[in-house]
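> have a look at this prediction, sequence included:
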Amino acid sequence: MPSTFTLVVFGIGVTIGNLIGGRLADWRLNGSLIGLLAALELFFLILFFIQSNAILMVLAVFLFGILAFAQSPILQFRSMVLSEDAPLLSSTLNQSAMNVGNASGAFFGGLSVSFLPLNYLALTAPLLSLVGLILLMLQLSRIRVKRSGKSISN
């Protein structure tokens with residue numbers, strides 16, 4: 001498949017993902033984010049097994065665009081909701097965090113291709129998104145503890 005076609009397919013997936021993410025943010029903010037991160041984990045594991053098939057990889061690029069970019073509006077809205085007193089500052093910090101995530105992904109992906117066979121790159125990504133899922137779950141549990149009136153240190 002020509003790379004330009006694949007980029008167009010990715011762009012369509014990203015657009016659909018942003019539209020879906022906006023609706024999911026309005027519907028069920030935290031649950032949607034958890035579901036998307038879990039789906040991304042499963043996606044990357046499946047990707048490891050289909051990466052040698054060019055046609056399936058074009059479909060995978062499309063699905064990745066949807067799954068990854070559906071999270072963007074949810075994360076943006078969530079950061080603004082959580083920072084009631086400074087939503088604009090939170091909005092800019094959210095973008096900075098995404099840039100740190102992009103750089104970290106490139107760094108760990110570079111390490112992966114330096115020391116492991118190239119096909120194992122697909123297994124680096126789920127490790128990184130798993131870190132995000134774990135941090136989200138920890139933060140949500142901390143919020144629940146605060147709301148229940150218990151001390152966080154207990």
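Here it is on my side, so go on. In this text, all values refer to a predicted model and were calculated from it rather than measured experimentally. Numbers count the residues shown, from 1 in each chain.

> what about the helices in this structure?
Secondary structure of the chain, counting by DSSP state H: helices at 3-27, 29-50, 54-69, 71-82, 87-115, 121-147.

> dump these to CSV, plus mean pLDDT and mean neighbour count.
Where C-beta positions appear, they are placed from N, C-alpha and C, glycine not excepted. Shown next, in CSV, are these (pLDDT from 0 to 100; neighbours: other C-beta atoms under 10 Å):
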stretch, mean pLDDT, mean neighbour count
helix 3-27, 95, 15
helix 29-50, 93, 16
helix 54-69, 95, 17
helix 71-82, 89, 18
helix 87-115, 88, 12
helix 121-147, 87, 14
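
> OK, contacts around the spatially most central residue of the chain?
The centroid of the chain falls nearest to A68 when counting by C-alpha atoms, centre = their mean (4.7 Å). The contact partners of A68, by C-beta atoms under 8 Å, 6 or more residues apart in numbering, come to V14, G17, L40.

> once you drop chain neighbours, what's closest to F62?
G13 (4.2 Å; C-beta to C-beta, 6 or more residues apart in numbering).

> now S83: phi and psi?
Dihedral angles of S83 (phi, psi; degrees, to the nearest 10) stand at phi -110, psi 70.

> next one: it relative to L89, how far apart?
Between S83 and L89 the distance, using C-beta to C-beta, to the nearest Å, works out to 7 Å.

> one more: F77?
From F77 to L89 the distance is 15 Å (C-beta to C-beta).

> repeat for V100
Going from V100 to L89 by C-beta to C-beta gives 16 Å.
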